[in-house]
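Predicted model and sequence below, questions to follow.
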Amino acid sequence: MNRIYFDNSATTAVYPEVREIMLRTLTEDYGNPSSMHMAGVEAEQYMKDARRAIAKTLHAKEKEIFFTSGGTESNNWALIGAAMAMKRNGMHIVTSAVEHPSVSETMKYLEEQGFRVTRVGVDWKGTVDPDMLEAALTPDTVLVSVMYVNNEVGSVNDPARIRALINRKCPGAVFHMDAVQAYGKYDIHVGRDGIDLLSASGHKIHGPKGIGFLYKKESVRILPFIHGGGQQDGMRSGTDNVPGIAGIGKAAEIVYAHLAENRKHLYELSAYLRQQLKKTDGVVLHGPEGEAGAPHIVNASFMGVGSEVLLHALEDRGIFVSAGSACSSHKRTKSPTLTAMKCPVSELDSMIRFSFCESNTKEEIDALLDALENLLPMLRKYRAR
Amino acid sequence: MVHSFLIKYGEIGIKGKNRNLFEDALARSVRQTLARVGEGYTVRKERGRIYVSCPEGYDAEAAVDALQHIFGIVGICPVEIRERTDPQQLREDILAYMDAEHPGFSGTFKVHAKRIEKTFPMSSMETDAYLGEAILEHFPEAKVDVHHPELMLDVEIRGEVYIYSKVIPGPGGMPVGTNGKAMLLLSGGIDSPVAGWMIGKRGVVLDAVYFHAPPYTSERAKQKVVDLARIVSRYTGPIWLRVVNFTDIQLYIYDQCPHDELTIIMRRYMMRIAEHFARENEDLGLVTGESIGQVASQTMQSLMATNDVCTLPVYRPLIGFDKNDIIDLSKKIGTFETSILPFEDCCTIFVAKHPVTKPNVGIIRRSEKKLEEKIDALVNEAIETAELIKISAD
């Protein structure tokens, strides 16, 4: 059976070029960049290349890119590192109610450390409400963290707009964005958009798992999070994950070389699926439409059919989707984003996320629609409780 | 340094003429289990005892853990073996043993010597007194208590001297394979693995059957059942698990029968299929995790209605247990953590809001008449397409 993979927000397959370069750093150029000899220098070259490639995609400086073990570490480091560095200026943090657990759980930790955290709500499309955000910012606010693209419904928060609010209300605050779902899908210009810290992950952009990076604006001070041998300017110790770093660098290079055409293709796929689902009975679409939303995520509730049941029924036909986000699907928790969007429980229980990559096709969506047409009447007839 | 274990067994000591069979079965279990821990363990039967000699540098923790999973073992005593010489040397060996195992001992104790090799110059009683005095002298705080000692020091004088004073509890029960085979209806819940464990503890070899209902139940739910069977198989030995696709039968019942009877009728078909496999495997009974009144399908009336379709005996070892007792047991045997992972099982997905709690067998049978057209074919298909998985501890 041909596999149709519509769960690219969970993870993606690596590009062949990524596999190539990783294999090379695992078998031939396997040196440790910290070594003084030739093998170390060679390995270091891979890191420099990767750092340069990534800095270019963000219009940032090379020394502003720090490699981490992934989005979760980047988010933890950015938030804890910035909060601890800023705490003499104030103890107030502002974030949104729909963040990924690697942000929302870190916020809980910071609360335990004595910080006050305000969580700003979202509108019914899942976008952070700018008026509420503005109202939440105070002169005491030292850190603002808002996700760029929501991982569940694909709602988008415009960094430039948030930066403008910060400049008006608390100009000294550090602005962090969790861009794990946005990196590789948007032309991010950290200077123009006024982003101080930005987290991204390798495996969402056809790079490997276990690697990510944190962009840190040169003038912004945060405390290191992992202590040790002083790698990466002492900011992030630990032997450099050269295969991962080479992999994410290559992936970033490729994905940004094709950004415009990828975006166009993904928007076409999303628009087509949305348009067809609108014609289907008993389907409620979530999140913003068209360019107001992310190019690659479509989220819908299939009323009267349990998310997991539909997921497994599609899986049976070789179609892989998500019931919520991959990180929370092991737990029986209701989607935090849809809950914050005030969706009724019946919609929460039946929501499915489709997320595309550039190699998905319209034909695959047609196969999905065929499968849905066959499955939905049957599954609605035998309603599981 | 302890390099030997004395295995104590309870009930099998009193089994008359069959005793040898049981002892052989236990020795075989011990041998097979330790072979998985490492090489070089030797197991021997001797005068109503089983001894395990451990190789140089063995992993004591792993060996004890493995022995604690063997049904039939009541206690595991780490034994120190010394060369047998004269009473003077024995006295020194005993004090050295006490210093190593019970440094600064200050409680009550009793020496229990057994002279098996009669060339030793002291009788058992004399040895008791001789060593007791030595210990009192060496540990001024210690006291003798022959009735309820805190420490019982066993000294067996054979070709060598065996010294032990600790008994690590084993699971008890009877050695695997001494009491026939049974078919366990295994779900992903808390109860059925415990029920299987309890029957296995009586020396019964287990087969198992699991009913899944894709897409209503997931691949992970099935994996969870496999994981549970693997934990149970650490005690019972390999388990052959049949995975039956129950979806079509379930949907057909849903179509044809009153919804409040769904669970009971479903259970009856599960029992029928389980019994089919049991007969095919020459199992002598079915095992379920039912307990009276726990859920609607486990009232006395419901149990009677499910039992109605079985001709083999159905063993329900948890029948009088409270849920908390079952949970305690599942924690003890190590299945609890896996059992509570949140995946759907096929008994719960189609449950009616108010299922019948007092089903009438006659009415249920009449409802099943509505299934006549297709049910046999569906049951046969489920049997034929069942997946067979061998599950063993390693």
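Perfect, I can see it now.

going forward, measure contacts and count neighbours with C-alpha atoms only.
OK.

so where do the strands sit in the stretch 51-200 of chain B?
Per DSSP state E, counting those that start in this stretch, the stretch 51-200 of chain B carries strands over the ranges B:73-83, B:108-115, B:143-144, B:151-157, B:160-164, B:168-169, B:181-185.

Reformat these as a markdown table; add distance to chain A.
Below are those laid out as a markdown table (distance: least, Cα to the nearest Cα, whole Å):
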| stretch | distance to chain A |
| --- | --- |
| strand B:73-83 | 39 |
| strand B:108-115 | 51 |
| strand B:143-144 | 54 |
| strand B:151-157 | 49 |
| strand B:160-164 | 49 |
| strand B:168-169 | 37 |
| strand B:181-185 | 23 |
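
Give me whichever of those strands is most buried.
Mean neighbour count (mean count of other Cα atoms under 10 Å in any protein chain shown) peaks for strand B:181-185 among the strands of the stretch 51-200 of chain B, with a mean of 26.

mind listing what that one pairs with, with the direction of each?
strand B:205-212 (parallel), strand B:286-287 (parallel) (DSSP bridges).

And the helix or strand that the last one is followed by, what does it pack against?
Sequence order places helix B:300-307 as the next helix or strand after strand B:286-287, per DSSP states H and E. Based on contacts counted as 3 or more Cα pairs under 8 Å, 6 or more residues apart in numbering or on different chains; DSSP states H and E, the elements that helix B:300-307 packs against are helix B:262-280, helix B:361-369.

Can you list the buried residues in stretch B:352-366?
B:352, B:355-359, B:361, B:364 (16 or more other Cα atoms under 10 Å in any protein chain shown).

Out of these, name the ones that lie in strands.
Nothing among these maps onto strands, per DSSP state E.

Out of those, which is nearest to A:Met36?
For the buried residues of stretch B:352-366, the closest approach to A:Met36 (Cα to Cα) belongs to B:Ala352, at 70.8 Å.

That closest one and B:Ala134, how far apart?
74 Å (Cα to Cα, to the nearest Å).

Tell me where the model's unsure across the stretch 1-150 of chain A.
The model of the stretch 1-150 of chain A has pLDDT under 70 over residues A:1.

What mean pLDDT does stretch A:217-230 get?
Looking at stretch A:217-230 alone, the average pLDDT works out to 95.

that older thread, ok, which pair from the buried residues of stretch B:352-366 is furthest apart?
Largest separation among those by Cα to Cα: B:Ala352 and B:Val361, giving 18.7 Å.

ok so, going back, let me know which of the helices and strands packed on helix B:300-307 is tucked in deepest.
helix B:262-280 (a mean of 20).

pull the CA atoms of that one into PDB?
Output of helix B:262-280 as PDB, limited to C-alpha atoms (Å, rounded to 0.1, in the frame of the first residue of the first chain):
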ATOM      1  CA  LEU B 262     -24.500  -5.500  23.300                       C
ATOM      2  CA  THR B 263     -21.800  -6.100  25.900                       C
ATOM      3  CA  ILE B 264     -23.300  -9.400  27.100                       C
ATOM      4  CA  ILE B 265     -23.700 -10.800  23.600                       C
ATOM      5  CA  MET B 266     -20.300  -9.600  22.700                       C
ATOM      6  CA  ARG B 267     -18.800 -11.300  25.700                       C
ATOM      7  CA  ARG B 268     -20.700 -14.500  24.800                       C
ATOM      8  CA  TYR B 269     -19.000 -14.500  21.400                       C
ATOM      9  CA  MET B 270     -15.700 -13.800  22.900                       C
ATOM     10  CA  MET B 271     -16.100 -16.800  25.200                       C
ATOM     11  CA  ARG B 272     -17.200 -19.000  22.200                       C
ATOM     12  CA  ILE B 273     -14.100 -18.000  20.200                       C
ATOM     13  CA  ALA B 274     -11.900 -18.400  23.200                       C
ATOM     14  CA  GLU B 275     -13.300 -21.900  23.800                       C
ATOM     15  CA  HIS B 276     -12.700 -22.800  20.200                       C
ATOM     16  CA  PHE B 277      -9.000 -22.000  20.500                       C
ATOM     17  CA  ALA B 278      -8.900 -23.700  23.900                       C
ATOM     18  CA  ARG B 279     -10.200 -26.900  22.500                       C
ATOM     19  CA  GLU B 280      -7.800 -26.700  19.600                       C
END
